[in-house]
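In: coords below, sequence missing:
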């Protein structure tokens, strides 16, 4: 199994809603990532978890709250988002052991904030 | 800080022909990894090829090969016998040695069209 699975694939939410994005992998990877991608732009790193602990937060607003309940799951909780937060949210995972360093990406969640 | 530059926003190639996508990067590190990722309209980022900086030999994966010039900090991707399924956005990416939590730094991407 070399898949990273993200749900839902599409999400429309109002600015007062609370929603969550989910990411799952069963490759035994101990690093997991959230990226945000605007149209025709490269992905921008938001958060990195290493051994289920948050290791990098790229100064992301607090309306985005990540959670890593176990080594296979990564969530992104959303609250009081703005229309400019509409984007493709990509989850990725990678091994932490040399020499395998490439990240495997999910298909993303297309988020629209109305 | 490391940067990755892709100077070709869009490229076009005829089916069965060869195309080369350019990538340059800037780093003061000596050990690092370089990647080419493909993102088709299905949105998923797919690893095309990987190069370790300590390896002099250029990486090859079937129809995909790279020209890695470490001194020039250049990492171009050659696609041979282009197929319609190769049409996608291609991102060059850099990650320094020292752990997988070192973040991937992406270039701005090259949109490749394949003409039948």
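Out: The structure has been received and is ready for your questions. Keep in mind that this is a model prediction, so the values were computed, not measured.
In: alpha carbons only for contacts and neighbour counts from here, please
Out: Will do.
In: Low-confidence regions, chain B specifically.
Out: B:98-101 (pLDDT under 70).
In: Near chain A, which residues of it? Just list them.
Out: Residues of chain B lying close to chain A by Cα under 8 Å from any Cα of the partner chain are B:35, B:42-47, B:50, B:91, B:99-101, B:103, B:106-109.
In: Any of these buried? List them.
Out: Neighbour-count burial (16 or more other Cα atoms under 10 Å in any protein chain shown) applied to the residues of chain B next to chain A gives B:35, B:43-47, B:50, B:91, B:99-101, B:103, B:106-109.
In: Which one of those residues is nearest to residue A:23?
Out: Proximity of those to residue A:23 was ranked by Cα to Cα; the top entry is residue B:44 with 13.5 Å.
In: For the closest residue to the closest one other than its chain neighbours, what are phi and psi?
Out: Nearest residue to residue B:44, sequence neighbours excluded (Cα to Cα, 6 or more residues apart in numbering or on different chains): residue A:107, at 4.2 Å. Dihedral pair for residue A:107: phi -80, psi -10, per degrees, to the nearest 10.
In: my guess is residue B:104 meets residue B:94, correct?
Out: Yes. Residue B:104 sits in contact with residue B:94 when judged by Cα atoms under 8 Å, with a separation of 5.6 Å.
In: of these two, who's got more company?
Out: For residue B:104 and residue B:94, the more surrounded residue by other Cα atoms under 10 Å in any protein chain shown is residue B:94, and the numbers stand at 24 against 20.
In: Could you point out the bridge partners of the more buried one in the sheet?
Out: Beta bridges link residue B:94 to residue B:34, residue B:105, judged by DSSP bridges.
In: did I read that right, residue B:43 in a helix?
Out: No. If the criterion is DSSP: H, G, I helix; E, B strand; the rest coil, then residue B:43 is coil and not within a helix.
In: for the one residue in chain B that gets nearest to chain A, what are its contacts?
Out: Closest residue of chain B to chain A, Cα to the nearest Cα: residue B:44 (4.2 Å). Counting by Cα atoms under 8 Å, 6 or more residues apart in numbering or on different chains, residue B:44 touches A:105-108.
In: For residue B:14, see how far away it is.
Out: To residue B:14, residue B:44 is 24 Å away according to Cα to Cα, to the nearest Å.
In: Spatially nearest residue to residue B:79 (excluding sequence neighbours)?
Out: residue B:64 is the one closest to residue B:79 (Cα to Cα, 6+ apart), at 4.9 Å.
In: Ok, residue B:9 next?
Out: Closest to residue B:9 by Cα to Cα, 6+ apart is residue B:110, at 4.6 Å.
In: Now the residue nearest to the spatial centre of chain B: phi and psi?
Out: Central residue of chain B (Cα atoms, centre = their mean): residue B:36, 3.0 Å from the mean position. The phi/psi pair for residue B:36 (degrees, to the nearest 10) reads phi -120, psi 120.
In: again with residue B:21
Out: Residue torsions, per degrees, to the nearest 10, at residue B:21 are phi -100, psi 140.
In: what's the neighbour count on it?
Out: 24.
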